[in-house]
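Enquirer: Generate coordinates for the sequence data below:
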Amino acid sequence: MSSGIEQAPAMPVWDLPVRGDNPPSPDPDLVSRLSEIGSATACARLHGQGIRRTFVDGPTSMSPGSKIVGRALTLQFMPQREDIADGQSQEYIERSTALWAVLDEVQPGDVLVVQAYGSHTTGCFGDMLVRYFKLRGGAGIVVDGRIRDVPRVSELDVPIWSTGATPHYASQSELFPWAYNVPVAVGGVLTLPGDLVVADDDGAVVVPRRRAESVVQAAAEHDAWEKFSRRRIDEGAPLRDYYPLNERTRLEYEAWRDQQNGNHATE
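Expert: Numbering: from 1, shown residues only. Okay, the predicted model is just below:
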């Protein structure tokens with residue numbers, strides 16, 4: 001005869017963590033050239049190519065002056081549902097999640113991009129996890145959620161873009177580390193595993209992997225004419241003529257650029 005009390009399942013009701021394939025490693029030379037570009041330039045060049053949503057809205061640098069460029073590894077938090085790990089110990093819940101698993105996939109130079117819905121109460125990373133991430137060679141973390149253990153995390157010198165601090169650990173409140181190496185939505189931006197991330201004091205920008213080369217090339221041209229315009233404005237030229245260039249001043253710029261290239265060729 002039933003007691004009327006439901007028994008907790010002995011095993012989780014879902015096979016966790018959910019995982020995708022490891023993304024391809026980027027060309028080191030491409031990453032190096034992309035490292036010369038700021039997030040604002042990357043964002044503008046992508047916008048010019050029709051890619052509109054690239055700025056990760058919300059997270060800001062916890063260490064002003066930091067800059068990172070690297071391959072995106074992704075981590076997805078999901079809202080908690082009490083039956084998913086019902087009957088399991090806290091040790092199982094923590095060690096068997098995507099949060100632990102993704103850290104073992106980190107390669108030197110990787111940027112961990114984390115979907116946390118802007119949660120104010122979920123501490124997605126703390127001292128121990130950031131410490132392990134650093135030892136794996138990770139370049140930095142971009143999370144639209146919170147960090148805990150901020151004093152100790154700050155001592156590790158790992159560049160982090162987050163929405164602030166909380167005393168809560170990862171699964172203490174409303175979210176649960178669910179999947180890794182899957183598409184994520186971070187700060188309103190779709191990030192695919194293997195995309196490239198440029199983050200600095202202006203914020204974090206996601207560069208689609210297949211657009212990275214064209215962004216680098218477009219940025220080089222953009223930086224060149226801005227250098228020219230900056231010089232002319234410093235000399236007293238009207239802003240409206242040189243930022244942006246008009247038809248006349250573009251011809252002037254092209255002549256200046258050709259002269260600069262000729263000078264470099266003879267050196």
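Enquirer: which phi and psi does the closest residue to residue 56 other than its chain neighbours have?
Expert: Nearest non-adjacent residue to residue 56, counting by C-beta to C-beta, 6 or more residues apart in numbering: residue 187, 3.6 Å away. Any C-beta I mention is one placed from the backbone N, CA and C, and that applies to glycine too. Dihedral pair for residue 187: phi 60, psi 40, per degrees, to the nearest 10.
Enquirer: Give me the buried positions along the helix or strand encompassing residue 256.
Expert: Assessed by DSSP states H and E, residue 256 sits inside helix 247-266. For helix 247-266, a neighbour-count test (16 or more other C-beta atoms under 10 Å) marks 249, 252, 253, 256 as buried.
Enquirer: contacts for stretch 125-133?
Expert: Residues lying outside stretch 125-133 but in contact with it, judged by C-beta atoms under 8 Å, 6 or more residues apart in numbering, are 99, 103, 106, 112, 141, 143, 147-149, 152-153, 156, 158, 160, 169-170.
Enquirer: which of those are buried?
Expert: Among the contacts of stretch 125-133, the ones that count as buried (16+ other C-beta under 10 Å) are 99, 103, 106, 112, 141, 143, 147-149, 153, 158, 160, 169-170.
Enquirer: Parallel or antiparallel, list what pairs with the lengthiest strand in the chain.
Expert: Counting residues, the longest strand found in the chain (DSSP state E) is strand 68-79. Sheet pairing of strand 68-79 (DSSP bridges) gives strand 111-115 (parallel), strand 175-180 (antiparallel), strand 196-200 (antiparallel).
Enquirer: distance between that strand and the chain's centre?
Expert: 7 Å (C-alpha atoms, centre = their mean, to the nearest Å).
Enquirer: Give me the mean pLDDT for that strand.
Expert: The pLDDT scores in strand 68-79 average 97.
Enquirer: for stretch 213-231, same thing?
Expert: Stretch 213-231 comes out at a mean pLDDT of 93.
Enquirer: Can you point out the buried residues in that stretch?
Expert: Buried, per 16+ other C-beta under 10 Å, within stretch 213-231: 215, 216, 218, 219, 225, 226, 228, 229.
Enquirer: again, but for stretch 109-126
Expert: Here stretch 109-126 shows 109-119, 122-126 as buried, counting by 16+ other C-beta under 10 Å.
Enquirer: ok, now stretch 69-86?
Expert: 69, 70, 71, 72, 73, 74, 75, 76, 77, 78, 85.
Enquirer: For the closest residue to residue 148 other than its chain neighbours, give its distance to residue 106.
Expert: Using C-beta to C-beta, 6+ apart and skipping residues adjacent in sequence, the residue nearest residue 148 is residue 123, 3.3 Å away. Between residue 123 and residue 106 the computed distance is 19 Å (C-beta to C-beta, to the nearest Å).
Enquirer: How about residue 61?
Expert: Applying C-beta to C-beta to residue 61 and residue 106 gives a distance of 20 Å.
Enquirer: Equivalent analysis for residue 43, please.
Expert: Applying C-beta to C-beta to residue 43 and residue 106 gives a distance of 26 Å.
Enquirer: One more: residue 35?
Expert: Taken as C-beta to C-beta, the span from residue 35 to residue 106 is 19 Å.
Enquirer: So which residues of the protein form strands?
Expert: 18-19, 60-61, 68-79, 111-115, 123-125, 140-143, 146-147, 160-162, 164-165, 175-180, 184-186, 189-191, 196-200, 203-207.
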